[in-house]
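> how would this look folded up:
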Amino acid sequence: MGWAAIFVAVPLAVHGWFESAGLRRDAFASEPAREAAIGGGKAGSGMTGQLTAAPGADAPGGSGSRTADGSRPARESRPAVAWPLVTLLVGIAAVLGLIIGLKANAFMALVTAAMVVSLMAGGPASERISRVAAAFGESAGKIGVVIALAAVIGKCMLDSGAADRIVRGFLRLFGQRRAPLALMGSGFVLGIPVFFDTVFYLLIPLARSLYRKTGRNFLLYVLAIGAGGAITHTLVPPTPGPLVMASNLDFPVGILIMVGLVVAAPAAVAGLLFAGLANRRMPIPMRPVGSEPEPDPLEDSQLPSLGLSLAPVVLPVVLISANTVFAMWAKGPGSAAWVKSIADVAAIVGDANLALLVATVIALGTLALKRGLNRGQLAHVAEVALTSGGVIILITAAGGAFGAMLKVAEVGPAIQYVFSGVGATGLMIIVLGFSIGAVLKIAQGSSTVAMITGTAMLAGIASSGSLGFHPVYLATAIGAGSLVGSWMNDSGFWIVAKMSGLTEGEALKSWTAMLVVLAFTGLLATMALASVMPYPPFTVAPLAD
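Numbers count the residues shown, from 1 in each chain. Take a look at the predicted model:
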């Protein structure tokens, strides 16, 4: 329903509308354009002072204030406010209306909204549609290869038993008494390269097996899996949402990997603590799910080694993070020649596309080694994975095009102007990002769409250099907000409820509530980091415009 879009955008639009000069046509123009129009009217008519700006439009001192020589005092350029916010309102209404009202595919909804926003943004008529396609291609070029390779890695890890080996490794490390911590850690690690629904499908049989051994704590096991998998799915690339957030806010993906892990860790622990509390208050037994018997687990001898299993996850994270660290180090004053040499090498091997390709080769090799697949069978595995990954690429690239059109419409500067007028501080912008992510998630159900749309709305603020902190914190705030409100319109809600045998009411009281705990813990961690470490190590503060 359109109430969510109205809740986000109408207050901003109304504020901007009244801040601009009434409902006159020049109220939609930027301040320099209005000034030029006023000056031109005076020169053409010869009537000094009879054509004036709307009340309040002038600099302090009144609409007729003059300097000693009779000229108008200088004032800061003010961006257009009302029309960009109207454009934002229409764009969000298009996305939510198509997804919720017409049940349209997210790709179709985002492309349509991008075209609507582009038409409203102005510019040469011949470019208003073509620039949407150009922005779509640019976005796909940034994230398409990484998402496709991540899909192949996830499929290979499941089929080879590598994911199973990681889970068993955590169980051995922590023991059966700390099985919830092992399940949370497994979900946390596997949620980085593997989509959340796949992580849950993989781990839920272990929760059921543990319950058969202990006869208790089934809900604790279920929520522990969800806590680890959900938080890294929304905060740590290369899953699509975080990947697009880094692209929309224009900073290296390695920074989001490092900061996302730091923010995600306390959130996951808080989720595990809540899971224990919910388990004590709602001791839900395990119920039969489906009619098919669960497959017997593989023997340890049939699984790859732990090191080989972890390599497709750990290696790209290390390479991409090293690239980010050395790139920033090499840019520092007085950096040594050897640092620049290493940075050059890291820029190649730590590029996300190459790092994921290397991890994909390892994952495919592991699958071939443990399952004895030939080249044709490996090719089929990759094709199946790429089929699902292709849909995600289309959606994320369409979201990138939507964000690019919001930039063309100058939505970011308009939002920045409105909130600077009410004295918004940097931390208030973080809360704004969190709130936008939450409202968009509640309205249409997809965390990925909420992250894409939220960062697209606020990209103009992040690029202005006036946040007072690195835009990675805006990304983690929006990602955390996108966890709020998992209910009947969220596919993840139904996966957890149906695979666990929970009723809708039980899922709302446990799963939905736990995600709120994850979200607000992530918000608090983001605000704390932004306060004590505005610019993470190996990053630099941008110059304000």
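
> Now residue 374: closest residue in space that isn't a chain neighbour?
residue 368 (7.9 Å; CB to CB, 6 or more residues apart in numbering). (C-beta placed from N, C-alpha, C; glycine too.)

> Hmm, residue 378 and the one you found touching each other?
Yes. At 5.8 Å, residue 368 counts as touching residue 378 under the criterion of CB atoms under 8 Å.

> any common contacting residues for these two?
Both residue 368 and residue 378 lack any common contact, where contact means CB atoms under 8 Å, 6 or more residues apart in numbering.

> What's the separation between the residue nearest to residue 374 and residue 159?
10 Å (CB to CB, to the nearest Å).

> pLDDT below threshold where in the protein?
The model of the chain has pLDDT under 70 over residues 1-79, 290-297, 334, 416, 419-425, 463-466, 538-545.

> neighbouring contacts of the host helix or strand of the residue nearest to residue 374?
Following DSSP states H and E, the helix or strand that holds residue 368 is helix 352-371. For helix 352-371, contacts defined as CB under 8 Å, 6+ apart pick out 145-146, 149-150, 152-153, 156-157, 159-162, 193, 237-238, 253-254, 302-304, 308-309, 311-313, 315-316, 319-320, 323, 348-349, 373-374, 378, 381-382.

> Please list only the buried members of those residues.
The neighbour-count test (16 or more other CB atoms under 10 Å) marks 145-146, 149-150, 152-153, 156-157, 159-162, 193, 237-238, 253-254, 303-304, 308-309, 311-313, 316, 319-320, 323, 373, 378, 381-382 as buried among these.

> Which members of these occur in helices, if any?
Judged by DSSP state H, the subset of the buried ones among the contacts of helix 352-371 located in helices is 145-146, 149-150, 152-153, 156-157, 159-160, 162, 253-254, 308-309, 311-313, 316, 319-320, 323, 378, 381-382.

> Can I get the helix holding residue 368 as CSV, trimmed to CA atoms?
Extracted in CSV, the C-alpha atoms of helix 352-371 (Å, rounded to 0.1, in the frame of the first residue of the first chain):
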residue,chain,number,x,y,z
ALA,A,352,36.4,-8.1,-6.3
ASN,A,353,35.9,-9.6,-9.7
LEU,A,354,39.2,-11.5,-9.7
ALA,A,355,39.0,-12.5,-6.0
LEU,A,356,35.6,-14.1,-6.6
LEU,A,357,36.8,-15.8,-9.7
VAL,A,358,39.7,-17.4,-7.8
ALA,A,359,37.3,-18.5,-5.1
THR,A,360,34.9,-19.9,-7.8
VAL,A,361,37.8,-22.0,-9.3
ILE,A,362,38.5,-23.4,-5.8
ALA,A,363,34.9,-24.2,-5.2
LEU,A,364,34.5,-25.9,-8.6
GLY,A,365,37.7,-27.8,-8.0
THR,A,366,36.5,-29.0,-4.6
LEU,A,367,33.2,-30.1,-6.0
ALA,A,368,34.9,-32.1,-8.8
LEU,A,369,37.4,-33.6,-6.4
LYS,A,370,34.8,-34.8,-3.8
ARG,A,371,32.0,-35.8,-6.1
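
> in it, what's buried?
By neighbour count on 16+ other CB under 10 Å, the buried set for helix 352-371 is 352, 354-360, 362-368, 370.

> With that, I have no additional questions.
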